[in-house]
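1. My questions concern the predicted model and sequence given below.
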Protein chains: 2
Amino acid sequence: MSDERRARAALSRLAEPRDLVVHQLLGQVGAAETVSRLCAGHGSLARFAARVRTLNTDRDLEIAARVGARLVIAGDDEWPVGLDDLAIPPWCLWVRGPLSLGAAARRSVAVVGSRTATAYGEQLASELSASLVSRGWTVVSGAAFGIDAAAHRGALAVDGSTVAVLAGGVDRVYPAANGPLLARIAASGAIASEVAPGSAPMKSRFLHRNRLIAAMTRGTVVVEADLRSGSRNTVGHASDLMRPVGAVPGPVTSMLSAGCHEEIRSGRAVLVTSAEEVVDLVGDLGVDACEPLRGMSLVTDTLPINDLAVFDAIPFRRPVDLDTIARVTTLGPLVVRGCLARLESSGLVEADSGTWRRGRPSRR
Amino acid sequence: MSDERRARAALSRLAEPRDLVVHQLLGQVGAAETVSRLCAGHGSLARFAARVRTLNTDRDLEIAARVGARLVIAGDDEWPVGLDDLAIPPWCLWVRGPLSLGAAARRSVAVVGSRTATAYGEQLASELSASLVSRGWTVVSGAAFGIDAAAHRGALAVDGSTVAVLAGGVDRVYPAANGPLLARIAASGAIASEVAPGSAPMKSRFLHRNRLIAAMTRGTVVVEADLRSGSRNTVGHASDLMRPVGAVPGPVTSMLSAGCHEEIRSGRAVLVTSAEEVVDLVGDLGVDACEPLRGMSLVTDTLPINDLAVFDAIPFRRPVDLDTIARVTTLGPLVVRGCLARLESSGLVEADSGTWRRGRPSRR
C-alpha cells in the first residue's frame, strides 16, 4: 500500500470529517506529511494527541479486510468524482461490497426521507427505487429506518444497484435492526463511509455523511419528510452543490409530507411523482427527458370553442340541419360549415342527406 | 331601466359570450345600437335572426325578477372589476342573492376542482373554504359536483361569503341535484351568470364561464383535478390573466391529484397546503404574507456542527471533563470552551465543579 493511501487511512481515524485545518494541511503538504504533523502534535495540532496515541492503521486495515472492505481515495477509478465538488472532500472512503462505487455513482440518485415514515411513504420509496434501478440507475441512501431502508429494499427487490453511506464505520451495523438489510447491501451493492472502521456513528457524523450522499449522486429525491427531518439537511447540501432536488408530494393532512411540501414551496425542490420524472430531473438533457402527463383525452377536449358549440348543438338521437345548428349557436352558416367539415373529418359528426348527426362512437 | 342596461340584457340573450363581432360592435357603437344592428340582421349579422325573432327582454327581466335576480353591468358598484381584464368581458351579469358581487370579488379566491373528487379532496376543499371565509375572503366556484360543491358547502358551514358562477341562466338549477345547495347560496351569497335567464348550460358555456371565475377573483386554487379536469381550463385562464394559481398536492397514487401535480410541475401553480398559504399567494404583499412552516425544533437542530459534536460527546448519565470532550471530538481546548459556553447559555449543558454534564431537560 502506498504511503498516500496508508496516510489517508490514518487520517480517517485521526481527524473528523470536514476538519478545516487538516484539509488545508493536506492541500499544502500532502497526506503523509499531514499525518506526521498530526502525530508530532505541535501547537494547535496537540488536539489530536489522544487519537494519535491509539492510532493503529494496521489494525484498521485488518478490521476492514475482515469485513471485506477496501480503501478508496481520490483519483482511484472507484472514487465518486462528485465528491470533488465538496468544500472539504472526505480524506478517503472505506467501501464494502461488489459494486464499483465510482461507476455506480455516475448514474445514481439519492432517495432519502424520514425515519418515521408512513406506509404510503415507504411503499413509494420502494417503488420509486425499484423503478429507478430498473432504468439502470443506482439508488444511494443512508440505511436509516423508514424511507432510507425502504429505498434500499426496493432496489434489492429487483436485484438493482444500491449504495448505503454510513455515519459510522463500514463494519458497524447501525441501526442494529437493519443488520440483515446491510448484509444484503454488502452482498450485492456497496456500503461506504468516510470514517475508519469501528468508528461510532456520532450525531455530527450523520450531518457529515449527508453531504456525501448529496455530492456523490446526480440528484436527491426526498420521499417523505417531516418539517425537521434530517433528510432536509441532505436536500440543503444537494441544493448548495447545484444538484437537482426532487420531492414527492403527499396528503397535506400528513405531517410526514410537510417537509416535502415546504421544499417544493421554497423552490429548493421540484415536485416529482414517478421514477420517470426523477430521471427527467437528474438525467441527461434530451436523453432522459419525459413528457408532461396527459389524461386519456377525448377528441372533444381539444376542440376549438366554435367546433365545440357546433358539436354540442347536434342532439344525441336525431339528425339536424345546418340552419338549426346556426340558429342554436348564432354562428354564421359559413363558420358552421367549417366547423362541421372539421368535425366530420375527425369522425365526430356524420353527414346524412343534408342533415348532420353525431358520429358513431366506434369511429371516434 | 336605462337603454344601456336593457340593451345589455338583450345581448345576453342574443349573442353567445365572447362573440368577437358583437364585442367589436359594442366598442364602436355602444350597446343600444349593437342590439339594433343585430335585430336588423344585415349581412353577417343575419346569424342572429332566429334569436332576434324570439327576443323578449321584458320576459327575461320578469323571469329574473321572479327569482330575485338583478342585472349588473360594467361601471356598476356591483361589477367585479377583475372582469375588465378579460379580452372580451361579459355583456352583463345576472346576479341573485344578497351578497354585493363587486365588494365580495375584491377579496375573493376561486376554489375549483374535479367533479369526481375523493373524500380527501372534498374534505380539503370544505376546510380550505371555511378557513378562507373565516379570514374575510369570499370563495367563488362553479357549483358543480365534487370539489366545487364542497367549496361552497365549506363556506356556508361557517356562514361565510360564497359566489357560484353558472354556465346557464341564474334561474336554472344545474346540476339538478345541487338544487338545495344553490338555494342556500342564493339565500346568503350570490349566484351569477353572463347568459340570460332560462339559458341552457351548454358545453361551450362552461368554458366561457370558467374565464369569469378566473377573472373576478384574486387567484384560483385547484384542490383536486384529474389530468383532463375542466378546472385546469380555469387555471389556464387565471394564469393567462396573471392571477396567481395554487394547487393542493395529494397522494401521487391518486389520479385525482395528478392534474394538481402537473400544474405545480409546469410552474403554472404554486403548491399550497393551507388557507394561510393560499392567502399568502393571493393576498396583499406584507399584509397577508405567511412564514414558511417550521417543525417543533429541538435546540440541537440548529447547533453549529462543532457545538453539536461537543454536545454529543457528553454522555447522558455522567459528567466529563474538558479534556475528555476535546479528545473525543479532536477539537482544540479553546474551541471546546467556546462551544461549552454557548451550550451552557442555552441550557443544554451544565458546569459541575470542573466537569460538564447535560442540562436537565426541563431547562432546555
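-> On my side now, so go ahead. Numbering: from 1, shown residues only, chains lettered A, B, ... in the order given.

2. any residue of stretch A:125-134 up close to chain B?
-> No. Using CB under 8 Å from any CB of the partner chain, stretch A:125-134 stays clear of chain B, with a minimum separation of 9.3 Å. Glycine gets a C-beta too; all of them are placed from N, C-alpha and C.

3. cool, stretch A:307-327 as well?
-> Yes. Stretch A:307-327 comes into contact with chain B (CB under 8 Å from any CB), by way of A:308-309, A:311-313, A:326-327.

4. Helix or strand: which one has the closest residue to A:Leu303 other than its chain neighbours?
-> Leaving aside its chain neighbours, A:Leu303 sits nearest to A:Phe311 (6.6 Å; criterion: CB to CB, 6 or more residues apart in numbering or on different chains). Using DSSP states H and E, A:Phe311 sits in helix A:305-312.

5. Give me the distance from that helix to the chain's centre.
-> 46 Å (CA atoms, centre = their mean, to the nearest Å).

6. Could you do stretch A:293-313 as well?
-> Relative to its parent chain, stretch A:293-313 has a centroid offset of 38 Å by CA atoms, centre = their mean.

7. Repeat that for stretch A:165-178.
-> That offset, for stretch A:165-178, works out to 21 Å (CA atoms, centre = their mean).

8. Need the mean per-residue confidence for it.
-> What stretch A:165-178 shows for mean pLDDT is 94.

9. Is it in proximity to chain B?
-> No. Using CB under 8 Å from any CB, stretch A:165-178 stays clear of chain B, with a minimum separation of 11.3 Å.

10. Please spell out which residues along that stretch are buried.
-> Residues of stretch A:165-178 classed as buried: A:165-174, A:178 (neighbour count, 16 or more other CB atoms under 10 Å in any protein chain shown).

11. what does stretch A:32-45 give?
-> Here stretch A:32-45 shows A:32, A:34-35, A:37-39, A:45 as buried, counting by 16+ other CB under 10 Å.

12. could you say what helices and strands the helix holding A:Phe311 packs with?
-> Helices and strands touching helix A:305-312, by 3 or more CB pairs under 8 Å, 6 or more residues apart in numbering or on different chains; DSSP states H and E, are helix A:322-329, helix A:333-345, helix B:203-216.

13. still on that earlier bit, and of the buried residues of stretch A:165-178, the nearest to A:Cys290?
-> A:Val165 (27.7 Å; CB to CB).

14. Now do the same contact list for the closest one.
-> By CB atoms under 8 Å, 6 or more residues apart in numbering or on different chains, the residues touching A:Val165 are A:140-143, A:191-193, A:209, A:212-213, A:216.

15. Quick check: the farthest pair among those?
-> A:Ala143 and A:Met216 (14.6 Å).

16. Compare these two (neighbour count), which wins?
-> Using other CB atoms under 10 Å in any protein chain shown, the more surrounded residue of A:Ala143 and A:Met216 is A:Met216, with 29 against 22.

17. low pLDDT regions in chain A?
-> Confidence mapping of chain A against pLDDT under 70 gives the ranges A:286, A:296-299, A:361-364.

18. would you list every one of the strands in it?
-> With DSSP state E as the criterion, chain A has strands at A:69-72, A:93-96, A:108-112, A:138-141, A:162-165, A:190-193, A:220-222, A:245-247, A:270-271, A:320-321, A:349-352, A:355-358.

19. So for B:Arg115, which of those sits nearest?
-> Closest approach to B:Arg115 among those is made by strand A:355-358 (22.3 Å; CB to CB).

20. Quickly run through the sheet partners of that closest one, with directions.
-> strand A:320-321 (antiparallel), strand A:349-352 (antiparallel) (DSSP bridges).

21. Tell me the gap between it and the middle of its chain.
-> Its chain's C-alpha centre and that of strand A:355-358 lie 54 Å apart, by CA atoms, centre = their mean.

22. What are the buried residues along that strand?
-> The neighbour-count check on strand A:355-358 (16+ other CB under 10 Å) flags A:356-358 as buried.

23. one step back: filter the contacts of A:Val165 to the buried ones?
-> Neighbour-count burial (16+ other CB under 10 Å) applied to the contacts of A:Val165 gives A:140-143, A:191-193, A:209, A:212-213, A:216.

24. Domain map for chain A?
-> Domain assignment of chain A by automatic domain parsing yields the ranges A:1-55, A:62-282, A:299-363.

25. Around chain B, pick out the residues from the stretch 101-250 of chain A.
-> Within the stretch 101-250 of chain A, the positions near chain B by CB under 8 Å from any CB are A:120, A:124, A:202-204, A:207-208, A:226-228, A:248-250.

26. most neighbours, which of those residues?
-> The most crowded member of these, judged by other CB under 10 Å, is A:Val248 (32 neighbours).

27. Identify the farthest-apart pair in the residues of the stretch 101-250 of chain A next to chain B.
-> Farthest pair in those (CB to CB) is A:Met202 and A:Pro249. Separation: 33.4 Å.

28. Out of the buried residues of stretch A:32-45, which comes closest to B:Ala69?
-> For these, the closest approach to B:Ala69 (CB to CB) belongs to A:Thr34, at 85.0 Å.

29. what's the neighbour count on the residue in the stretch 251-364 of chain A that chain B sits nearest to?
-> Of all residues in the stretch 251-364 of chain A, A:Gly295 sits closest to chain B, at 3.1 Å by CB to the nearest CB. When neighbours are counted by other CB under 10 Å, A:Gly295 registers 16.

30. circling back: could you check the angle the helix holding A:Phe311 makes with helix A:333-345?
-> Angle of helix A:305-312 versus helix A:333-345, following axes from the mean of the first three to the mean of the last three CA atoms, to 10 degrees, is 70 degrees.

31. Can you dump the C-alpha atoms of helix A:305-312 in CSV for me?
-> Once non-C-alpha atoms are left out, helix A:305-312 reads as follows in CSV (Å, rounded to 0.1, in the frame of the first residue of the first chain):
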residue,chain,number,x,y,z
ILE,A,305,-64.7,26.6,-28.9
ASN,A,306,-66.8,27.1,-32.1
ASP,A,307,-66.4,23.5,-33.1
LEU,A,308,-67.4,22.5,-29.6
ALA,A,309,-70.5,24.7,-29.8
VAL,A,310,-71.5,23.2,-33.1
PHE,A,311,-70.9,19.6,-31.8
ASP,A,312,-72.9,20.4,-28.7
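
32. List the buried residues of that helix.
-> Neighbour-count burial for helix A:305-312, with 16+ other CB under 10 Å as criterion, is recorded at A:306-312.

33. and if you look at stretch A:78-94?
-> For stretch A:78-94, a neighbour-count test (16+ other CB under 10 Å) marks A:78-80, A:82-83, A:86, A:89-94 as buried.
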